[in-house]
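Engineer: Next input, structure requested:
(one chain, ligands or ions: 2)
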Amino acid sequence: MKLLGIESSCDETAAAVVEDGRIIHSNVVASQIAEHRLYGGVVPEIASRRHSEAIVGVTEEALQQAGCTLRDIDAIAVTYAPGLIGALLVGVNFAKGLSLSTGLPLIPVHHLRSHIASNYLSHPELEPPFLCLVVSGGHTHIVQVTDYTKMKIIGCTRDDAAGEAFDKAARSMGMPYPGGVHLDEIAETGDDHAFSLPHPKVSGAPYDFSFSGLKTAVINLLHNAQQKGQTLPVNDLSASFRRAVVDCLTKNVTKAMEALSMDKLVIAGGVSANRLVRREFDRICRERGWTLCVPELSLCGDNAAMVAAQGYYEFLSGSRATMGLNACAAMTIE
Ligand code: KG4
Ligand code: ZN
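Structural biologist: Ligands and ions are numbered 1, 2, ... in the order given. The predicted structure follows:
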């Protein structure tokens, strides 16, 4: 069964053709990052307008690269929540139009569920149940995935998401948007013990995270140095910050894995591309004999192959959208 996936939740317009939730026939992503970089972050109105301009061409290219026409497609999967509302509406309305004109079933897909599904594309043998750390720009969750469409949140961030904290810390050090990837790169050359940063815990909630204090600690260090006319070594500060974030992630996830007696761990979302995230979870899982799945780098960020992959399992579970489908800026993954 071939699904056409459509994604427009933030600053990437994407379309893809995926077979049976596992085989990628095409995966086209048009990124708007260069334009948003001028403003230091995503400008929602610009994002919506660029999606409107790009979505038809991106979809045509995805069909063409897959060697298909709409006649070869069995269903359309679209991201409908969560994300920037104006951006989501472009994909949702485009997908509704396609569904209406072709008669193909329309499957609504939750963005974070689709990030998890990127692992079904990278790891053909992966099946639920497993525990998943979802680390993106807008969310940080520990999710118990009991089946392809059944999920329970075990822990989440109380303030900033991990990706957001990476981006804000990077911005305060003068790196361009989105800073997470730049901070990660420069941290590779730094000493992660150079600065002593807080490792915030949420009292009474062992699986929850809090990253905003950590981000503020970095900003305060930079301000204090600036006032004294000093400059701080950005590679050491990046390495220390990255170490603190990753220590918080690994500590809570390890506790949750042990408490739930799980032996399969999956990482998903943009921050799963982080080098230290990948190295540390790899080390922990090897030591404990747990299976670890992380998406290949090209599937860590927003794309539509993951939407089509999750859409397949949502289709099998009976999910169908009507022409009344609306986009939603916030929605739980459960
Ligand atoms: O999942 P994603 O593409 O979009 C959302 O759904 O939010 O995640 C984007 C986030 C951004 O905050 C970006 O800076 C972060 O993922 N990111 C990274 C790295 N690559 C992307 N953060 C740290 N290290 C990286 N290598
Ligand atoms: Zn995302």
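
Engineer: How about the residues of the stretch 1-150 of the chain by ligand 2?
Structural biologist: Counting by CB under 5 Å from the ion, the stretch 1-150 of the chain comes close to ligand 2 at residue 136. Yep, even glycine has a C-beta here, placed from its N, CA and C like the rest.

Engineer: What degree of burial does the residue in the stretch 101-250 of the chain that ligand 2 sits nearest to show, as a neighbour count?
Structural biologist: Closest residue of the stretch 101-250 of the chain to ligand 2, CB to the ion: residue 136 (4.5 Å). Neighbour count for residue 136, taken as other CB atoms under 10 Å: 23.

Engineer: so it makes contact with residue 271?
Structural biologist: Yes. Counting by CB atoms under 8 Å, residue 271 is a contact partner of residue 136 at 6.6 Å.

Engineer: list residues touching both of these two?
Structural biologist: Counting by CB atoms under 8 Å, 6 or more residues apart in numbering, the contacts common to residue 136 and residue 271 are residue 163.

Engineer: before we move on, back to that, nearest residue to the residue of the stretch 101-250 of the chain closest to ligand 2 other than its sequence neighbours?
Structural biologist: Nearest non-adjacent residue to residue 136, counting by CB to CB, 6 or more residues apart in numbering: residue 269, 3.4 Å away.

Engineer: Would you mind giving both backbone torsions of the closest residue to residue 297 other than its chain neighbours?
Structural biologist: Once flanking residues are discounted, residue 297 sits nearest to residue 273: 5.6 Å by CB to CB, 6+ apart. Per-residue torsions, residue 273: phi -80, psi -10 (degrees, to the nearest 10).

Engineer: hang on, residue 273 packs against residue 298?
Structural biologist: No. Counting by CB under 8 Å, residue 298 is not a contact partner of residue 273; they are 9.5 Å apart.

Engineer: So these two - more neighbours on which side?
Structural biologist: Here residue 273 and residue 298 are compared on neighbour count by other CB under 10 Å; more neighbours surround residue 273, at 22 against 15.

Engineer: residues from the stretch 201-334 of the chain in reach of ligand 1?
Structural biologist: 269, 270, 271, 273, 274, 301, 302 (CB under 6 Å from any ligand atom).

Engineer: circling back to that earlier point, count of residues packed around the residue nearest to residue 136?
Structural biologist: Other residues within reach of residue 269 by the criterion other CB under 10 Å amount to 29.

Engineer: Report the contact partners of the residue of the stretch 1-150 of the chain found nearest ligand 1.
Structural biologist: Nearest to ligand 1 in the stretch 1-150 of the chain, going by CB to the nearest ligand atom, is residue 137, at a distance of 2.8 Å. Residue 137 sits next to 10, 161, 163, 164, 167, 178, 180, 269, 270, 271 when contact means CB under 8 Å, 6+ apart.

Engineer: same question, residue 204
Structural biologist: Residue 204 neighbours (CB under 8 Å, 6+ apart): none.

Engineer: surely residue 35 meets residue 50?
Structural biologist: Yes. Shown here, residue 35 and residue 50 form a contact pair, counting by CB under 8 Å, at 7.0 Å.

Engineer: So for these two, which sits in the more crowded spot?
Structural biologist: The residue with more neighbours, out of residue 35 and residue 50, is residue 50; 22 against 14, by other CB under 10 Å.

Engineer: list the buried ones in the longest helix that the chain contains?
Structural biologist: Longest helix in the chain by number of residues (criterion: DSSP state H): helix 234-259. Neighbour-count burial for helix 234-259, counted by 16 or more other CB atoms under 10 Å, picks out 234-246, 248-254, 256-257.
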